Each structure stands twice: as structure tokens, then as C-alpha cells.
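A.B. asks: When you get a sec, could you give me coordinates for this:
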Amino acid sequence: MVETSPRLDDGTPFPTLYYLTCPVVRSAIGRLEASGLMREMTERLGSDPELAARYQAAHESYLAHRDAIDPLGTDVTAGGMPTRVKCLHVLVAHSLAVGPGVNPFGDEALAMLDDWGGTGPCVEVTT
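C.D. replies: Presented below is the predicted three-dimensional model:
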């Protein structure tokens, strides 16, 4: 996972802050997305006020961290927060960046993965 600048090189605001870089986890998250999981998660937001409140708090946490780096003057985050689940890759990257307990859907998607990081690095490091 990497954290990037909230602005492009030309100064244009770019709200996505976190990216998954590991090809193993990116592929696994892509399979979760293809399964229809994002639609199911979004539907749960409408029927579970506690979950919706936790997702709203994740959105606010994301904004606070991004704006501490460079205030963009917008409440747009990434991944669909806070009203829908649009990109599990971003939500998982957010969970990895801030730790468990902040982004409920990022945490949930991570819990659905096999032990993707337990066998060593995602890529071979050469020196």
C-alpha cells in the first residue's frame, strides 16, 4: 500500500490517497469486487444505521488525514464513502494505512482474504 499526494503534479485535486500495490492482494480484491460484494455492502448501509455511522466516521477520518497533508476544500473522498461502496481496493488500502477498526468495509474485505501476506513479500526484492 502506498499513500500519495492529494494533488496531481499540476495542482489538480485528486482525492484518492491510498493505493494497493501488491499484485496478490489487488487480484484477490478484484475477485471480491466481481462477486457482487460491493452491491451487497452498499445495500447494508441502508438497513444498518450503526454500520452507516461507522462508514461515515471512516470517511471523516480519511478527510482529516488527507486534509492534514494538503486541504483540498472538498468533502469528496474515495471508494464511494460515505454513501456507497464503489472501490474495495481503496477501502482495503485505507484499512491497511490506518489499521483495523476505522474502515468497516476495508476491514471486512481484508478478513475475507486468505493469508495473502503471510508467505512473504508480494514481489521479489532484488539487491
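A.B. asks: drop to CA atoms for contacts and neighbour counts, all remaining ones
C.D. replies: Fine.
A.B. asks: The host helix or strand of Y62: what's the following helix or strand?
C.D. replies: For Y62, the element it lies in under DSSP states H and E is helix 49-69. Following helix 49-69 in sequence order, the next helix or strand is helix 88-98 (DSSP H and E).
A.B. asks: centroid residue for the chain?
C.D. replies: The centroid of the chain falls nearest to L91 when counting by C-alpha atoms, centre = their mean (1.7 Å).
A.B. asks: That residue reaches E108, doesn't it?
C.D. replies: No. With contact defined as C-alpha atoms under 8 Å, L91 does not reach E108; the gap is 9.7 Å.
A.B. asks: For the helix or strand containing R39, buried residues please.
C.D. replies: Remark: R39 resides in helix 37-47, with elements defined by DSSP H and E. Buried residues in helix 37-47, defined by neighbour count with 16 or more other C-alpha atoms under 10 Å: M38, M41, T42, L45.
A.B. asks: can you list these in a markdown table and add pLDDT and distance to V85?
C.D. replies: Below are the buried residues of helix 37-47 laid out as a markdown table (pLDDT from 0 to 100; distance: C-alpha to C-alpha, whole Å):
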| residue | pLDDT | distance to V85 |
| --- | --- | --- |
| M38 | 96 | 5 |
| M41 | 98 | 6 |
| T42 | 97 | 5 |
| L45 | 96 | 9 |
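A.B. asks: Any chance of those residues in CSV with distance to G73 as columns?
C.D. replies: Formatted as CSV, the buried residues of helix 37-47 follow (distance: C-alpha to C-alpha, whole Å):
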residue, distance to G73
M38, 28
M41, 28
T42, 26
L45, 26
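A.B. asks: Between those residues, which sits nearest D10?
C.D. replies: M38 (32.4 Å; C-alpha to C-alpha).
A.B. asks: pLDDT value on the nearest residue to that closest one once chain neighbours are set aside, please?
C.D. replies: Leaving aside its sequence neighbours, M38 sits nearest to V85 (C-alpha to C-alpha, 6 or more residues apart in numbering; 5.4 Å). At V85, the predicted lDDT confidence score is 97.
A.B. asks: mind listing what G106 touches?
C.D. replies: Each residue near G106 by C-alpha atoms under 8 Å, 6 or more residues apart in numbering is listed here: L88, V90, L91, V92, A93, H94, S95.
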